[in-house]
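Engineer: Everything below, folded, please.
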Amino acid sequence: TSTSTATSSSTSTTTSTATSTSTSSSTSTESGGPAPSLLNLDFELPAVPSGNLAPPFGWNTSSNLLINIGSSNTFPATNGELDSPGSGSQVMLLSSDGTEASYIRQELQNLELDASTRGTVTIAVGFSSRLTQATRVILRVLAAGTSSVLASRQVFRSQVGSDTMVDVSLGVDGRTIASTFYGMPIVVEILLPPELGAVFIDNVRLATGLPTVVTTTAPLTSTSGVTFADTVQVRNANFEEDDLVSQGVTFIPSAAGFVIAGEAGTLHPVPTAFTRRVDGSLAAPASGFQTAYMKADSALITTLPRKLIAGDVYTIRLAVGRRADRVFAAVDSLSIQLRMEAQVLQLAVLPNVSQAVILGSHIDLTLSYTVPVSSPYLGQEPVIEILADGGVATAQITVDNLRVAVQTLTSQSSLIPTAGSARTSALQFDGSANAFQEFQADVGFQQNDLTMSIKTTDNNGVLFYMSPEGTASDFFGVVMQAGVISVVFNTGAASQTVTSIAASVNDGLWHTVRVQRTATDIIITVDGSSVATSIVGTDNTLDTSGQLFVGGLDTTTAGLPVTTSFSGILADVSIDGVDLQPSMASFVRSGSAVKQYSPLSFTGVSSLNVPATQAIATMASFNITTTSPTGVLASWYDSGADAFAAVVLASGRVQLYIGEEALDQVVLTSSTTINDGIFHTISVQVTTSSISLQVDGANAPGSGSQALSAVAALSEDMYFGRLADNVQSTLLRQLSLPGFKGCLASAHVGGLDVFANRGSSTPLELYPCV
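Structural biologist: Down below sits the predicted model:
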């Protein structure tokens with residue numbers, strides 16, 4: 001499936017589900033005061049009889065506003081109540097006579113701007129076929145008492161259609177706003193430019209303190225409900241790499257990272273060319289200070305640094321703009337192609353550029369593409385081609401801020417090529433007494449900054465510990481209790497505990513942990529959620545010996561509520577800028593139960609060969625994680641005996657198929673499903689007297705009693721991720737299972753470590769997976 005759309009300005013949405021009332025509505029993750037709010041969000045006050053009009057309570061309006069509140073039967077409604085995204089029975093009808101702009105605006109209550117301000121304003125917008133329709137409406141956020149625009153988004157009638165309402169969202173991020181505006185309230189404004197026509201507005205919603213996420217037009221679904229969103233980093237995506245200011249030029253006929261056909265290149269537009277943010281950068285959806293320019297019949301081409309994987313959904317967005325400082329005819333159309341060689345996989349087109357893009361602004365062109373399971377290009381990197389088509393010789397357009405997001409069933413933030421692995425220091429601890437590492441480093445005595453990444457399904461364990469010096473009572477520890485991160489410490493006055501406000505971290509997924517100690521406070525942040533506690537007493541010095549432990553302790557230590565070693569994976573452990581990994585000078589020793597964590601990710605077209613010397617005759621065991629319900633995990637074949645064994649996933653359950661002479665004689669199926677995105681241990685044992693399948697230590701029904709002597713002697717190569725060649729299985733052929741899509745770790749076959757003794761793997765499609 002695939003779609004393409006053109007959308008205006010910001011493309012961010014939020015996960016908020018805030019509902020509207022006639023007084024105020026917002027959601028907030030902040031504490032210590034009332035949530036930011038607006039009045040009369042769904043324009044139900046005052047109640048207006050059908051056919052009558054009245055000014056909206058709580059909103060300031062322009063003097064020339066022709067019509068304010070009225071009832072409407074233009075839009076879909078149920079029992080007199082507007083269908084979502086509308087709300088209630090009344091709407092705001094904003095109109096202009098074409099000579100002056102019209103607006104409604106309201107100051108946001110209980111909020112003053114600062115660097116931590118995060119929020120999204122969402123409104124329902126509709127155009128009626130019964131009235132002269134405005135061509136566009138603009139949603140803006142202003143600094144109160146000024147005319148300064150902090151964020152804006154314009155929506156065109158052509159993007160909404162007639163007699164329907166759609167949601168439009170605008171995000172505000174205090175980090176992008178000049179500090180001169182900090183401390184000011186903000187104003188929400190809905191503006192109709194001085195163009196003849198009308199637009200309906202309803203159901204204003206606020207979401208504050210929430211992260212924004214990019215959504216796709218064709219989201220994936222999985223049996224477990226687990227999907228992952230990844231951002232693909234495209235070189236020079238906002239055309240800032242060629243610094244034109246330092247070169248003393250306004251444009252060059254090239255763009256780093258792109259192959260150019262025709263007349264195109266990098267442009268540093270003058271300030272009056274485009275709408276700007278307060279810091280002078282280009283307004284969203286553009287980014288930075290430079291763009292690319294493209295003349296008629298030109299192209300910008302770049303290779304996407306990500307291999308195609310079956311089922312993945314690509315969303316590609318590109319800001320398209322027209323300069324306002326000089327009069328250029330626009331090209332006829334602008335398109336994005338995703339292609340492999342000469343084969344176009346998907347195309348998105350923005351026609352009638354001169355009408356779609358307002359001078360001095362940018363809008364987004366969006367392409368969405370789902371990779372078919374049957375694609376002949378799996379495992380290859382596609383090309384993005386931007387084409388400016390048609391127009392007079394002097395026609396010109398600008399493009400900027402190329403963004404590529406992928407929705408996938410396998411976390412692609414984990415699929416990092418070997419040479420560029422971001423978690424080379426990932427280590428696996430098994431929870432036993434020997435699961436610890438010791439370091440010696442002089443770290444901060446008055447302040448500390450500890451960071452780490454954690455992945456586990458266990459409940460309790462020591463993550464980090466700083467030992468006291470001599471007879472001092474000082475110590476500093478980070479532990480996991482009942483799946484929740486806590487910091488336990490003593491600077492000399494008394495032992496204190498700070499517990500994270502975040503949800504538990506023992507869900508088998510990666511989580512980031514940061515602990516900061518200042519002169520007065522302890523701040524613990526888990527996945528972006530922070531809690532701070534004041535340090536008891538006046539002594540802020542931590543008298544420790546420099547002896548540091550990661551993952552566990554060599555002896556039981558007083559003061560910690562948990563003393564057992566951690567069971568799971570720790571990565572990127574660092575304190576005060578010192579990386580705590582075995583390759584560093586600070587490393588002292590490692591317990592025997594600590595292993596390098598280096599699982600491999602399979603994309604559905606990957607395979608890993610295990611030499612015949614590691615036959616199944618003794619046992620095969622391996623750990624996998626996946627969200628896919630089907631796939632071939634491992635297989636063996638012996639041509640002499642015409643026998644095979646295969647471990648597969650079907651409907652999320654592990655199945656073991658055993659066969660001799662093309663007959664499927666044994667099929668064992670696990671009692672539980674495992675496609676939940678966390679690691680599971682699978683063990684297979686075949687002897688002359690029995691066959692067994694275990695998943696997480698539990699025997700599959702029927703294990704232990706069968707005997708197939710020929711299968712027990714399988715002596716040829718084994719494969720992870722696909723069926724072995726020449727396997728003749730009626731049942732497996734009927735299932736038509738794809739290759740494995742997920743991560744494989746801790747694999748042992750015939751008592752040998754597969755990763756240490758592995759054979760060849762399918763090129764390009766096999767990656768480390770953390």
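Engineer: pLDDT score for the nearest residue to Val727 once chain neighbours are set aside?
Structural biologist: Spatial nearest neighbour of Val727, excluding adjacent residues (Cβ to Cβ, 6 or more residues apart in numbering): Phe644 at 4.7 Å. The C-beta positions use only the backbone N, C-alpha and C, and glycine is treated the same way. pLDDT for Phe644: 79.
Engineer: What of Ser671?
Structural biologist: Looking at Ser671, the pLDDT reads 90.
Engineer: Please check which residues sit opposite the residue nearest to Val727 as beta-bridge partners.
Structural biologist: Phe644 forms beta bridges with Tyr637, Gly659, as assigned by DSSP bridges.
Engineer: For Glu112, see how far away it is.
Structural biologist: According to Cβ to Cβ, to the nearest Å, Phe644 and Glu112 sit 70 Å apart.
Engineer: and the two? which has more neighbours close in?
Structural biologist: Neighbours were tallied for Phe644 and for Glu112 using other Cβ atoms under 10 Å; the higher tally belongs to Phe644 (27 against 14).
Engineer: Assess the claim that the more buried one and Ala724 are in contact.
Structural biologist: Yes. In this structure, Phe644 is within contact of Ala724 by Cβ atoms under 8 Å, at 6.6 Å.
Engineer: any shared contact partners between the two?
Structural biologist: With contacts taken as Cβ atoms under 8 Å, 6 or more residues apart in numbering, Phe644 and Ala724 have Ser635, Trp636, Tyr637 as neighbours in common.
Engineer: ok so Val188 is a strand residue?
Structural biologist: Yes. Val188: assigned to a strand according to DSSP: H, G, I helix; E, B strand; the rest coil.
Engineer: any idea of the pLDDT on it?
Structural biologist: So Val188 comes in at 92 (pLDDT).
Engineer: Could you do Leu367 as well?
Structural biologist: pLDDT, Leu367: 90.
Engineer: before we move on, what about the one 4 residues further on?
Structural biologist: As summarised for this prediction, Val371 has a pLDDT of 83.
Engineer: Quick one: neighbours of it, just the number.
Structural biologist: By other Cβ under 10 Å, neighbour count at Val371 equals 22.
Engineer: One more: the one 4 residues further on?
Structural biologist: Using other Cβ under 10 Å as the criterion, Ser375 is surrounded by 17 other residues.
Engineer: Helix, strand, or coil at it?
Structural biologist: coil.
Engineer: Same check on the one 3 residues further on?
Structural biologist: Secondary structure assignment for Leu378 (three-state DSSP): coil.
Engineer: so how far is Tyr377 from the closest residue to it other than its chain neighbours?
Structural biologist: Distances taken as Cβ to Cβ, 6+ apart place Val605 nearest to Leu378, at 4.6 Å, with adjacent residues excluded. Distance from Val605 to Tyr377, counting by Cβ to Cβ: 10 Å.
Engineer: Can you name the residues bridging to Gln655?
Structural biologist: With DSSP bridges as the rule, Gln655 is bridged to Val648, Thr669.
Engineer: re the thing from before, Val605 and Tyr377: which is more packed in?
Structural biologist: Applying other Cβ under 10 Å to Val605 and Tyr377 shows that Val605 carries more neighbours, namely 23 against 16.
Engineer: which phi and psi does the more buried one have?
Structural biologist: phi -130, psi 20 (degrees, to the nearest 10).
Engineer: again, but for Glu112
Structural biologist: Glu112 adopts backbone torsions of phi -120, psi 140, taken as degrees, to the nearest 10.
Engineer: Next: Gln159.
Structural biologist: In terms of degrees, to the nearest 10, the main-chain angles of Gln159 are phi -90, psi -10.
Engineer: Just to check, Ser361 is in contact with Thr275?
Structural biologist: Yes. Ser361 is in contact with Thr275 according to Cβ under 8 Å; the separation is 5.6 Å.
Engineer: which of these two has more neighbours?
Structural biologist: Neighbours were counted for Ser361 and for Thr275 using other Cβ under 10 Å; Ser361 has more, 22 against 19.
Engineer: And the more buried one, how far from Asp97?
Structural biologist: Taking Cβ to Cβ, one finds Ser361 at 24 Å from Asp97.
Engineer: before we move on, what about Phe476?
Structural biologist: Per Cβ to Cβ, Phe476 is found 69 Å from Asp97.
Engineer: the more surrounded of the two?
Structural biologist: Phe476 (25 against 13).
Engineer: Could you give the average pLDDT over the helix or strand that contains that one?
Structural biologist: For Phe476, the host element (DSSP states H and E) is strand 475-481. For strand 475-481, mean pLDDT rounds to 91.
Engineer: Extract the CA atoms of that strand and return them as PDB.
Structural biologist: Taking C-alpha atoms only, strand 475-481 is exported to PDB below (Å, rounded to 0.1, in the frame of the first residue of the first chain):
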ATOM      1  CA  PHE A 475      28.600   5.700  49.100                       C
ATOM      2  CA  PHE A 476      26.600   6.100  45.900                       C
ATOM      3  CA  GLY A 477      24.600   3.400  44.200                       C
ATOM      4  CA  VAL A 478      22.000   2.900  41.500                       C
ATOM      5  CA  VAL A 479      19.700  -0.100  41.800                       C
ATOM      6  CA  MET A 480      16.600  -1.600  40.200                       C
ATOM      7  CA  GLN A 481      13.800  -2.600  42.700                       C
END
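Engineer: What pairs with that strand, parallel or antiparallel?
Structural biologist: Partners of strand 475-481, by DSSP bridges, with direction: strand 461-468 (antiparallel), strand 484-490 (antiparallel).
Engineer: bridging residues for the closest residue to Val232 other than its chain neighbours?
Structural biologist: Of all residues not flanking Val232 in the chain, Val404 sits nearest, at 4.0 Å (Cβ to Cβ, 6+ apart). As for beta bridges, Val404 partners with Val232, Ile316 under DSSP bridges.
Engineer: From Asn236, how far out is Val404?
Structural biologist: 13 Å.
Engineer: For these two, work out which one has more neighbours and name it.
Structural biologist: A side-by-side neighbour count of Val404 and Asn236, using other Cβ under 10 Å, places Val404 first with 21 against 17.
Engineer: Tell me which residues touch that one, please.
Structural biologist: Val404 neighbours (Cβ under 8 Å, 6+ apart): Thr231, Val232, Val234, Leu304, Arg306, Tyr314, Thr315, Ile316, Arg317, Ile384.
Engineer: Please name the residues that touch the first one.
Structural biologist: This means Thr231. With Cβ under 8 Å, 6+ apart, Thr231 has these contacts: Arg403, Val404, Ala405, Val406.
Engineer: Closest one to Thr146 out of those residues, please.
Structural biologist: Arg403 (30.8 Å; Cβ to Cβ).
Engineer: show me what contacts the residue nearest to the closest one when sequence neighbours are not counted?
Structural biologist: Excluding its sequence neighbours, the residue lying closest to Arg403 (Cβ to Cβ, 6+ apart) is Arg317, at 4.5 Å. Taking Cβ under 8 Å, 6+ apart as the contact definition, Arg317 lies against Thr11, Pro285, Asp364, Leu365, Thr366, Leu367, Asn401, Leu402, Arg403, Val404, Ala405.
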